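here you go, sequence then predicted model.
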Amino acid sequence: MYSIATKKKIIDAAVGKKTVLIYPELERHDDDFEFVLKDLIYPLADYCQGKNLTNEGKPLMKKRIVILCSVFMIHLSYAQEQGIINNAKSPHVKLKSINIGDCRWTSGFWADKFKLCEEVMVPHMGSLLKGDTGHAYNNFKIAAGLKEGRHQGMHWHDGDFYKWMESAVYVYAINKDPQILKELDEIVAVIAKAQQDDGYISTQITPTDIDRWSNRKFHELYNSGHLLTSACIHHRVTAKTNFLDIARKHADYLYKTFRPQPKELARFGFNQTQIMGLVELYRTTRNKEYLHLAEIFINMRGKSKVEPDPTVRHTMIGDMVQERTQLRKSKEAVGHAVLALYFYAGAADVYAETGEKALVDALDRLWDNVVTKKMYVTGACGQAHHGSSSKVDFVHEAFIDEYMMPNLTAYNETCANICNAMFSYRMLGIHGESKYADIMELVLYNSALSGISADGTHYFYTNPLRRTHDCEMDTTDQRTRAPYIPCFCCPPNLVRTIAKLSGWAYSLSGNGVAVNLYGGNKLTTKLLDGSEIKLKQESQYPWDGAVKINMESCKDELFEVMLRIPEWAEGSKIRVNGKDAGVDVIPGTFARIERQWKAGDVVELNMPMETRLLVGHPRIEEIRNQAAIKRGPVVYCIESPDLPKNTDILDVYLPADVKLKVHNQPDFLGGVTTLSGKILLHASNEESMYSTLEKPDWKEVRAQFVPYFAWSNRGVGEMTVWMPVVWR
Ligand SMILES: [Zn+2]
């Protein structure tokens, strides 16, 4: 037998980096593969080694080598097939997923959140959606003919239900509670009955006299996407095929319907979760039709005339739904932020399989545009409830101009923020650069978690950075989190994200493991060469910057442990077994420690958790001469309960030389670290729109700052992230 390294060398010499996509055909029969391996590959490897293959000029031989080595390469990789995204065989991914369940939170921040998710968030949401409040399960029963009544909820409510099912599967992956599986089996049986014979499924259409595909406002494809994703995850975790069968039948129906690209359906893919769903289904089944269809949905965008037609609401056209410019030519993130970011995330999945340069170039431009010109300090996206794109299309819940970042009226839908993390997670895989995980983390600790209350039962839809008593409540704005939101897309999106997060914590590199997220956890997985590895991570992150990783078991050969050094973590240090690791520790990159690891090795990363005052780019007019407080990855805010009674939030000023004290408060707001310091108050002149500048009569008071994600857990109040700075 050859070592893995030798085999790789032989293959590289023979075929360079080419990977031929014929393996699915050969792979179908394991016996064939064994034959190929024993009788062809090993002798061939002998031959190659003896003959210096690079000088071998026979085309036929070379062709056979290409084919065989490709089979061989694929099977050299023991990449995990049960990841949140199964990129095990994706040729254009540098960092691959670990299996769902391989990492478990054991202590600290995410362990607490997962526990709440398991014990409260998922069961509570299940009772909402299965009961008459949510009515989502009722909708399926009605469509299945098992219940009288009519569909209730938004047109995308099926998708919300599939997302909740997905979150229940992630919880099952960790706790293996048979009751969850039993309940899901019952639900899947009802969904199967609600599915039409030809594979179509939509509870908002089937029991009515509305025609299929008569108007894209019915969100049929959005629901499809969540169905496909949820079913793939269900299959990966449980090995059951009952849900997957429904998804396949549905995807086959979609293929028949959309593959010919009928003109009247050309604009239907607009809230494009179906692209991610189709790619995931391709990865699950290896049926290339699904990947092909995913690509068709990208290609169709931007090719139709932008004008109202009977299938399209007149306001929801053009940049609003990313159909004015073809994706490959796009330079600017436009339109509805959720739609845009789901679309980009789906396109990243397609790129991972096809490697098309024009696609990844566009995604690089769009990601940069989002995170450097249109994203809030909390990682949130979608600056406006309503507005206009640069090409003067009406936009709604959307990206607007670069650097135009209103606080009070920001939309920042929880879904959009999560989609920003989902897009970034895919880009992390593709490029292997830690800056993408920085954005995931920024979103998670700030504009994602703000969507749910500390007790896990109340939800925010929009996530503005300032709230005043007198501000008008626009679309889906609420003064405080609500126990139920009729438009229920965000809550299950957030709950499934919390449920699956341990699967994002690590990735597998070519020869090692990358640590993307910090927190107390245990990882038991296999590296890409099939060798087993066990790690234990201990940390009170994000409240404390010390991370300790204990190597519990691993292979004898050299491999790498990559530690993400967040962009804010200047002065971080890494020690291995008490000694300086001797590697570059640069904020915004992965620090790479390559060595012959052994059980008992201890890696210590220390990130200075300093409290910083942030300012914005001078072109962000809304925050000129204002500062926000950030400690590690956590953005802070100040809110009414922490101010003298009846203080107007707009009267709060921050001295530039403020000294902030750190307080660990495990029993406050679900367990947070707060800050306190002296602020300045000064009553503004609210009588007139403009008035003469006068020297303020400052009042100095001590106040508390809480993490932004934890605001509004103490009743209705005012809040701000950005505060005007006073220089003394
Ligand atoms: Zn949403």
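Arrived safely. Residues are numbered from 1 along each chain as shown.

can you pull out the helices in the stretch 251-400 of the chain?
Remark: helices assigned in the stretch 251-400 of the chain by DSSP state H, counting those that start in this stretch are 273-285, 288-300, 337-354, 357-369.

of those, which is nearest the ion?
helix 337-354 (6.0 Å; CB to the ion). All C-beta spots, glycine's among them, are computed from the backbone N, C-alpha and C.

how close does K555 get to the ion?
43 Å (CB to the ion, to the nearest Å).

what's the domain layout of the protein?
If you go by automatic domain parsing, the domain ranges for the chain are 4-76, 108-462+490-503, 506-606, 611-726.

dump those into CSV; add distance to R481, mean pLDDT and mean neighbour count as well.
As requested, those are exported to CSV (distance: least, CB to CB, whole Å; pLDDT from 0 to 100; neighbours: other CB atoms under 10 Å):
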stretch, distance to R481, mean pLDDT, mean neighbour count
domain 4-76, 47, 43, 15
domain 108-462+490-503, 4, 97, 21
domain 506-606, 22, 98, 18
domain 611-726, 6, 97, 17
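
reformat those as a markdown table; add distance to A88.
Converted to a markdown table, the domains of the chain look like this (distance: least, CB to CB, whole Å):
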| stretch | distance to A88 |
| --- | --- |
| domain 4-76 | 9 |
| domain 108-462+490-503 | 8 |
| domain 506-606 | 9 |
| domain 611-726 | 29 |
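
for the helices of the stretch 251-400 of the chain, give me CSV that also has distance to the ion.
Formatted as CSV, the helices of the stretch 251-400 of the chain follow (distance: least, CB to the ion, whole Å):
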stretch, distance to the ion
helix 273-285, 11
helix 288-300, 21
helix 337-354, 6
helix 357-369, 20
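
format those as CSV; extra columns: distance to S97.
Converted to CSV, the helices of the stretch 251-400 of the chain look like this (distance: least, CB to CB, whole Å):
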stretch, distance to S97
helix 273-285, 10
helix 288-300, 18
helix 337-354, 11
helix 357-369, 19
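
wait, which of the ones you listed is closest to D642?
Distance to D642, taken as CB to CB, is lowest for helix 337-354 among the helices of the stretch 251-400 of the chain, at 30.2 Å.

which strands and helices lie in contact with that closest one?
Judged by 3 or more CB pairs under 8 Å, 6 or more residues apart in numbering; DSSP states H and E, helix 337-354 is in contact with helix 273-285, helix 288-300, helix 357-369, strand 394-399, helix 414-431.

restricting to C-alpha, output that helix in PDB.
Extracted C-alpha coordinates of helix 337-354, given in PDB (Å, rounded to 0.1, in the frame of the first residue of the first chain):
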ATOM      1  CA  ALA A 337     -32.000  41.800   1.100                       C
ATOM      2  CA  VAL A 338     -33.400  38.400   1.900                       C
ATOM      3  CA  LEU A 339     -34.000  37.600  -1.800                       C
ATOM      4  CA  ALA A 340     -30.600  38.900  -2.800                       C
ATOM      5  CA  LEU A 341     -28.600  37.000  -0.100                       C
ATOM      6  CA  TYR A 342     -30.500  33.700  -0.600                       C
ATOM      7  CA  PHE A 343     -29.700  34.100  -4.300                       C
ATOM      8  CA  TYR A 344     -26.000  34.800  -3.800                       C
ATOM      9  CA  ALA A 345     -25.800  31.900  -1.300                       C
ATOM     10  CA  GLY A 346     -27.400  29.500  -3.900                       C
ATOM     11  CA  ALA A 347     -25.100  30.800  -6.600                       C
ATOM     12  CA  ALA A 348     -22.100  30.000  -4.300                       C
ATOM     13  CA  ASP A 349     -23.400  26.400  -4.000                       C
ATOM     14  CA  VAL A 350     -23.600  26.200  -7.800                       C
ATOM     15  CA  TYR A 351     -20.100  27.600  -8.100                       C
ATOM     16  CA  ALA A 352     -18.800  25.000  -5.600                       C
ATOM     17  CA  GLU A 353     -19.900  22.300  -8.100                       C
ATOM     18  CA  THR A 354     -19.100  23.900 -11.400                       C
END
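
just the angle for it relative to helix 414-431, thanks.
Orientation check (axes from the mean of the first three to the mean of the last three CA atoms, to 10 degrees): helix 337-354 against helix 414-431 gives 20 degrees.

what are the ranges of the strands in the stretch 101-250 of the chain?
Assigned by DSSP state E, counting those that start in this stretch, the stretch 101-250 of the chain shows strands spanning 103-107.

how about the contacts made by H92?
351-355, 360, 430 (CB atoms under 8 Å, 6 or more residues apart in numbering).

er, V495 actually
117, 121-122, 125, 163-164, 167, 452.

likewise Q204?
Counting by CB under 8 Å, 6+ apart, Q204 has contacts 139, 151, 155, 157-158, 210, 218-219.

return the backbone torsion pair for it.
phi -80, psi -10 (degrees, to the nearest 10).

ok, the residue of the stretch 601-728 of the chain found nearest the ion - contacts?
Proximity of the stretch 601-728 of the chain to the ion (CB to the ion) peaks at F709, 16.6 Å away. By CB under 8 Å, 6+ apart, the residues touching F709 are 445-450, 634.
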